[in-house]
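Participant: Provided below for reference: sequence and predicted model.
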Amino acid sequence: MGWDADFTRCFDDCARSVRFTAFLLCGNHHEAEDIVQSAFLKLYLAGPRLGLHGDLEPYVRQVAVRTFLAERRRARWRRERLTDAVPDLPVPAMLGEDRQAVWSALAALPPRQRATVVLRFWHDLSITDAADALGCSEGNVKSQTAKALATLRARLGPTYAPITAGDR
């Protein structure tokens with residue numbers, strides 16, 4: 001099998017998971033699609049050169065997280081442009097009230113903290129694996145996770161204590 005077959009299998013197996021990860025990170029389906037597209041393009045271009053084989057999902061997820069963080073860093077320098085027309089906004093999916101509250105609180109976290117929470121608790125990565133995916137130290141993952149959980153606890157209150165406990 002060649003690289004094209006490996007890439008196609010990887011895309012078929014993990015595109016949905018990576019797309020949902022991107023959505024959890026950015027909270028917007030359109031932006032999530034852009035992140036996934038960029039991540040898979042980078043994977044496709046780098047794969048033959050890097051000799052990637054086997055389970056490619058952790059690598060493409062790492063690329064997606066780093067793409068999200070890079071976009072957020074660039075976004076700080078962009079200014080909002082005002083227009084006369086109101087944009088069409090997507091209708092959020094019908095979610096339970098609890099799920100919507102948790103997702104809103106997650107979306108309010110700074111990008112780096114949101115990334116650590118998604119990697120640690122949604123993807124169940126170890127501190128070491130999350131640090132590798134984010135390109136930072138294990139201590140940074142620990143501190144970002146602790147700050148994120150404290151923020152989530154403060155925003156969600158005692159009703160959501162089991163969700164924000166962080167016990168693994």
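Facilitator: Structure received. Numbers count the residues shown, from 1 in each chain.

Participant: buried set for stretch 16-23?
Facilitator: 17-19, 21-23 (16 or more other CB atoms under 10 Å). C-beta here means a position set from N, CA and C on the backbone, and glycine is covered the same way.

Participant: closest to the centroid, which residue in this structure?
Facilitator: L25 (3.5 Å; CA atoms, centre = their mean).

Participant: got a list of what that residue touches?
Facilitator: 32, 35, 64-65, 68, 111, 114-115, 118 (CB atoms under 8 Å, 6 or more residues apart in numbering).

Participant: please narrow these to those residing in strands.
Facilitator: Cross-referencing the contacts of L25 against strands under DSSP state E gives no overlap.

Participant: any of those residues buried? List them.
Facilitator: Judged by 16+ other CB under 10 Å, buried ones among the contacts of L25: 32, 35, 64-65, 68, 111, 114-115, 118.

Participant: specify the local secondary structure of L125.
Facilitator: Of the three states, L125 takes coil according to DSSP: H, G, I helix; E, B strand; the rest coil.
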